[in-house]
Every structure is written in structure tokens, then in C-alpha cells.
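> Need coordinates for the following:
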Amino acid sequence: MKTIALIVAAGRGTRAGGDVPKQYRALGGLTVLRRTIDALLSHPAIDAVQVVIHPDDAGRYAIATSGMGGVLPSVFGGEERQDSVLKGLEALEQHAPETVLIHDAARPFVSHAVISGVLAALADHKAAFPALPVVDALWKGGRGRILAEQPRESLYRAQTPQGFHFNAILDAHRSATAPALDDVAVAFAKGYKIAITEGAPENFKLTTPADFERAGKMLDKHMDIRTGNGFDVHKFTDGDHVTLCGLDIPHDHALLGHSDADVAMHAVTDAIFGALAEGDIGQWFPPSESEWKGATSDIFLKKAAERTSERGFTLSNVDCTIICEAPKIGPHAEEMRANLANILGIGVDRVSVKATTSEKLGFTGRGEGIAAMATATLVKL
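Have a look, this model is predicted:
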């Protein structure tokens, strides 16, 4: 792996209030941590994410990341943030990444532009971090009174992700002898030259109840929600099984199609392409092209998921209804859900697969084939 993001999520976040650590609080229907992981994994240059958690949060973490792809096994943190980062870096050593991005769990609104800026700076520096210049007037004060003016020139407010050549930051943490403000401070103490890249106002850290209120308003104002529908039909032909949602189900017929004729997965794929307004399977994978003959339909669905990430969207949920008299879908529905969730990189709780008959009416009622319809919802902040 070339680039791995390390998320520090072992803190308690008491200043944010609430009954659970802030990284596990709900924000627009998703936990803060899941939003942060999604924001990083959606960047095409990030190969995987590693999260450092508190031992008491193992159950919450499992729920928050259920069904997610690209997430490496979690690591328990230490007493201080610096200890937690070192534990995370040492866990990543076996993967030998070239670069690592160390990010706060409580910064769920990090953009691709901020991430790309840090990665670009690492081409010429061992370390880089995004920051915002201080624009407000600064004063030193005490006991409620002004004591002296503080020049603001050359002052910056640091953000994350802070990026590093992996071996360099691992060495810096291992040799650190004093507490540090952040990972940039650890690298600076080691003598590395560190680049400053452009931060973003929306990449703020959720620290207080007011920050959560601000985040909620941002979601309400900027959220882009799209819904797409998909419908597909395949007729029966000679065979001994049908393929539905990637699962081979014994049957006295097979489905006829240029690919594996997975009518359910085709409907889901078209629903996602529809939400993106990017056509359908036939346009992306023309049946006139021989390379798709007999292809497994997970290829098509993976492309739809890839395009979702490339466009900056998160797949919120998928609902698929299979219409047939036979075979029975119910006994296989949970495995179908798991297959789709694994391909799409989302939790099983966000995938619905169900079935109905057409009451003996129409071609499905006559047992001539199977139809499927699906709906997909995409969200972008």
C-alpha cells in the first residue's frame, strides 16, 4: 500500500458533552467517526484506513464501521495522543506504506482538495500539514484586560490530516523524548523541514456542543442527496441455477444474458448509475463487446461504487426487490445483503433485499423469467 490514513479516535472528548465519546455521536444519521472514515477512503489516493481506538469503545467501533471496506483492524491507543499515534504507526509497519496521513477522528468534513494538497507537498518534503492563516487581531491578556498586542503575521492554525513519509514519522515518534502538541511538532523536533498547505474553514474539529450545532447546520445547508432507480429483466433458459446478488441458487432453469444475468445486481447497479446521472450498465458495459460475455456482475457494481466515490458521494442505502414465483428468495436474502454490502463497502444495515411475486400475472407469474427493481440513495456533503 502506498498511502494509509491513520485516524486517532482514542480520546474521550468530554468538552463536547453527551453520554458517549464525540467520535461515536450521531451527525446527520451517521457517527462522526464513520463520516471521517468515509471522507478519507473516498479519496482515490488513500489505499486504506487504520483507526486507533480506546479499549472501552470496541463495541461502539464495531457498530460504527460495520460492513466498511478498506478499514484495517483497529489498534488500542495509549495514555496520551502521542502514545496512541505511535501504537498506530507501529501497527502499520507490517504494511510498509510510503506515506501516512494522521487525522483527527473529529474532523469529518475534510475535503479531497485538502488531502490532495498535503499529498502533493510530500513529493518534496518529509512532512506537510494543512493550515489556515490567522486573520483576526490578536492580543495578550490577563484578568480580563489587554496586556499587549500580539502580531499575527506568519501565524497559522494547524489542521489535519498531517502527512509524512512513513519511515520518517515512525522514527521521529520512536525517538521523541518530550510531549508534543501534535505530529508536526514531533517531526519538527526531529529536524524535518515541513511544508504548509492550504487548509479549509469547513475542516474544523468538533470540540464543543457549539461545534456540533454548526456541523448540523452545514449538513442541512450543503448536503446533496440523490436517488436513482433501476429495473432489469432476464428470461429463463436451460440450466440448473440462477445467480442473484452474486449468489448461485439451485433452480430448474438459469437466467439468459450476455453476462451472468444477475438481474438483481444489474438493477442495483443501474440505480446507482441513475443517481449519478451517468447512464446505465448498457452504456458502461455494452453487450456488443465480447469482453463482457459471461462476466460476473460484481464487476459492474464495483464500477458504480467506484464512480460514487470519485464523484465525492457516499452510498447511503440500497433497496432491491426481486420479482419471481421461484426460486424462494427469503432463505438467501441475508447472504445476498452481505454480498452487496461487501462489494459496495457499506454496512449490511444499509442494504435491503426482499422478494415478491406477481400473483401469477405477467411473464414472472407464468414462470418465464425474473425481474428486479432497486433504489439507491447517494449523499454528498
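
> can you list the domains in this structure?
3-221, 224-380 (automatic domain parsing).

> Rebuild those domains as JSON lines, extending it with mean pLDDT and mean neighbour count.
C-beta here means a position set from N, CA and C on the backbone, and glycine is covered the same way. Shown next, in JSON lines, are the domains of the chain (pLDDT from 0 to 100; neighbours: other Cβ atoms under 10 Å):
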{"stretch": "domain 3-221", "mean pLDDT": "93", "mean neighbour count": "18"}
{"stretch": "domain 224-380", "mean pLDDT": "93", "mean neighbour count": "18"}
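
> Can you check which strand is longest in the chain?
strand 224-237 (DSSP state E).

> name the element residue 83 belongs to?
Using DSSP states H and E, residue 83 sits within helix 81-92.

> for that helix, packing partners?
Here helix 81-92 touches strand 3-9, strand 48-53, strand 75-76, strand 99-104, helix 166-175, going by 3 or more Cβ pairs under 8 Å, 6 or more residues apart in numbering; DSSP states H and E.

> how about these in a markdown table, adding distance to residue 183?
As requested, those are exported to a markdown table (distance: least, Cβ to Cβ, whole Å):
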| stretch | distance to residue 183 |
| --- | --- |
| strand 3-9 | 9 |
| strand 48-53 | 12 |
| strand 75-76 | 16 |
| strand 99-104 | 5 |
| helix 166-175 | 6 |
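
> Nearest to residue 225 among those would be which one?
Of all these, it is strand 48-53 that lies closest to residue 225, at 24.4 Å by Cβ to Cβ.

> Just give me how far that closest one sits from the chain centre.
12 Å (Cα atoms, centre = their mean, to the nearest Å).

> Name the next helix or strand downstream of it, please.
Counting by DSSP H and E, the next helix or strand C-terminal to strand 48-53 is helix 58-64.

> Check which helices and strands that next one sits against.
helix 32-41.

> what residues does the helix it packs on touch?
Residues from elsewhere that reach helix 32-41, judged by Cβ atoms under 8 Å, 6 or more residues apart in numbering: 5, 7, 9, 22-25, 27-28, 30, 46, 48-49, 51, 61, 64-65, 68-71, 101, 103-111, 115, 161, 206, 309, 314, 345, 381.

> CA atoms of it as PDB?
Output in PDB follows, covering the C-alpha atoms of helix 32-41 (Å, rounded to 0.1, in the frame of the first residue of the first chain):
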ATOM      1  CA  VAL A  32     -18.800  11.300  13.400                       C
ATOM      2  CA  LEU A  33     -16.100   8.600  13.000                       C
ATOM      3  CA  ARG A  34     -17.900   6.900  10.100                       C
ATOM      4  CA  ARG A  35     -18.200  10.200   8.300                       C
ATOM      5  CA  THR A  36     -14.500  10.800   8.900                       C
ATOM      6  CA  ILE A  37     -13.500   7.400   7.600                       C
ATOM      7  CA  ASP A  38     -15.800   7.800   4.500                       C
ATOM      8  CA  ALA A  39     -14.200  11.200   3.800                       C
ATOM      9  CA  LEU A  40     -10.700   9.700   3.700                       C
ATOM     10  CA  LEU A  41     -11.500   6.400   1.900                       C
END
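
> the inter-axis angle of it versus strand 48-53?
160 degrees (axes from the mean of the first three to the mean of the last three Cα atoms, to 10 degrees).

> Tell me the gap between helix 32-41 and the middle of its chain.
Counting by Cα atoms, centre = their mean, helix 32-41 is centred 5 Å from the centre of its parent chain.

> now that helix against strand 3-9, angle please.
Angle between the axes of helix 32-41 and strand 3-9 is 170 degrees (criterion: the same axes, to 10 degrees).

> Just want the angle from helix 32-41 to strand 99-104.
Orientation check (the same axes, to 10 degrees): helix 32-41 against strand 99-104 gives 150 degrees.

> circling back to that earlier point, wait, which of the helices and strands packed on helix 81-92 is closest to residue 263?
strand 48-53 (33.0 Å).

> Show me what the closest one is in contact with.
With contact meaning Cβ under 8 Å, 6+ apart, strand 48-53 is reached by 1, 4-10, 33, 37, 40-41, 61, 65, 70-77, 84-85, 87-88, 91-92, 95, 105.
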